[in-house]
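A.B. asks: Pasting the sequence and the predicted coordinates here, then a few questions.
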Amino acid sequence: MRNTMSLFQRWMRGNRPRFRGKRPRFHPDTFTMTQATKFATLAGWVTNLRQRGSQVLVLCHFQSTFLQAQEALERAGIDCEVLARRVTEYDLPDVLARSPVGVHLTLAQMLELTSQPDSRADGDRHPPLALIMIEKHPLPDRDAEILEFARNLSAEVAAGYLVSFEDAVPRYYLGERFIHLMQQLGMGDNDLVSSAMTARSIRRSMRKRSLAVTREVPAFSPAEWLAVNYSSTVPPKE
């Protein structure tokens, strides 16, 4: 586990991101202690990325999180356009490039994965793109689809998750004892941490628990989703 100033810290060392060919760069999941810190960090990342010429797409799974992110960006004085129509991985770079606003916010279901042959050869004509996912979905396949979408984009891409231990999904799977442990280890409300072990623990628990969902019930918020799709709010035992 290590403290980090930003998920995109290395990204920002030059005038623009460095990539290996056209392969997307996936950054380790970054966690904050509180949701307030998560959204303040989001605003800082977006501002820095825009200053370096990157397009930014902020992704949510649930409407409640979408509204929180929209409010946070507005409060920070960041111009943000809502991507309100479905787009494929081949349409998205052109759609973003045509917009006068370099920051977009949308729900993950607006991204339509076609899984067609790789078209990233023309990525040089698009500005670099940062995908910031600000929550996990309880069904891991939903996040896997986002990562596959990113792999097919015809642009230079960096992507990563910014989540809070206060978010319903990490809190459900990690439990209050884990959060208390993090506090005892010295993690403050304004700190960021990147922990591959924590991310793996959440993914492992989600995969096991999601097998019980045979017919998903849509929900407005992640907390509501957990309540209506799982018979108990007690985290599954390892």
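C.D. replies: Everything's here; your move.
A.B. asks: Can you spell out which helices and strands pack onto the lengthiest strand in the chain?
C.D. replies: Ranked by number of residues, the top strand in the chain under DSSP state E is strand 157-164. For strand 157-164, the elements it packs on are strand 25-26, strand 30-32, helix 35-51, strand 129-133, helix 140-152, helix 168-184, judged by 3 or more CB pairs under 8 Å, 6 or more residues apart in numbering; DSSP states H and E. Using the backbone N, CA and C atoms, a C-beta is placed for each residue, glycine as well.
A.B. asks: what comes up buried for that strand?
C.D. replies: 157-164 (16 or more other CB atoms under 10 Å).
A.B. asks: ok, now stretch 68-81?
C.D. replies: Buried, per 16+ other CB under 10 Å, within stretch 68-81: 68-69, 72-73, 78, 80.
A.B. asks: now, among these, which is nearest to residue 172?
C.D. replies: Distances from residue 172 to the buried residues of stretch 68-81, taken as CB to CB, are shortest for residue 68 (17.8 Å).
A.B. asks: ok so that closest one is a helix residue?
C.D. replies: Yes: Residue 68: assigned to a helix according to DSSP: H, G, I helix; E, B strand; the rest coil.
A.B. asks: looking at it, it is touching residue 35, isn't it?
C.D. replies: Yes: proximity of residue 68 to residue 35 meets the contact threshold set by CB atoms under 8 Å, at 7.4 Å.
A.B. asks: closest to residue 192 among the buried residues of strand 157-164?
C.D. replies: Using CB to CB, the buried residues of strand 157-164 come closest to residue 192 at residue 162, 8.6 Å.
A.B. asks: and the closest one, what does it touch?
C.D. replies: Taking CB atoms under 8 Å, 6 or more residues apart in numbering, we find residue 162 in contact with 7, 30, 32, 38, 41-42, 45, 132-134.
A.B. asks: from these, which single one is nearest residue 142?
C.D. replies: residue 133 (10.3 Å).
A.B. asks: and the closest one, how many neighbours?
C.D. replies: Using other CB atoms under 10 Å, residue 133 has 22 other residues around it.
A.B. asks: now do residue 201
C.D. replies: Neighbour tally, residue 201, other CB under 10 Å: 16.
A.B. asks: quick revisit: ok, which of the helices and strands packed on strand 157-164 comes nearest residue 193?
C.D. replies: Across the helices and strands packed on strand 157-164, closest to residue 193 is strand 30-32 (CB to CB), at 5.2 Å.
A.B. asks: Partner strands of that closest one and their direction?
C.D. replies: Applying DSSP bridges, strand 30-32 is found paired with strand 157-164 (parallel), strand 192-194 (antiparallel).
A.B. asks: Just list the residues touching the residue nearest the centre of the chain, thanks.
C.D. replies: Per CA atoms, centre = their mean, the C-alpha nearest to the average position across the chain is that of residue 133, at 1.1 Å. With contact set as CB under 8 Å, 6+ apart, residue 133 has these partners: 59-60, 108, 143, 146, 159-162.
A.B. asks: Looking at these, spot the one nearest residue 23.
C.D. replies: Distances from residue 23 to the contacts of residue 133, taken as CB to CB, are shortest for residue 159 (11.3 Å).
A.B. asks: The closest one touches residue 26, doesn't it?
C.D. replies: Yes: with contact defined as CB under 8 Å, residue 159 counts as touching residue 26 (5.5 Å).
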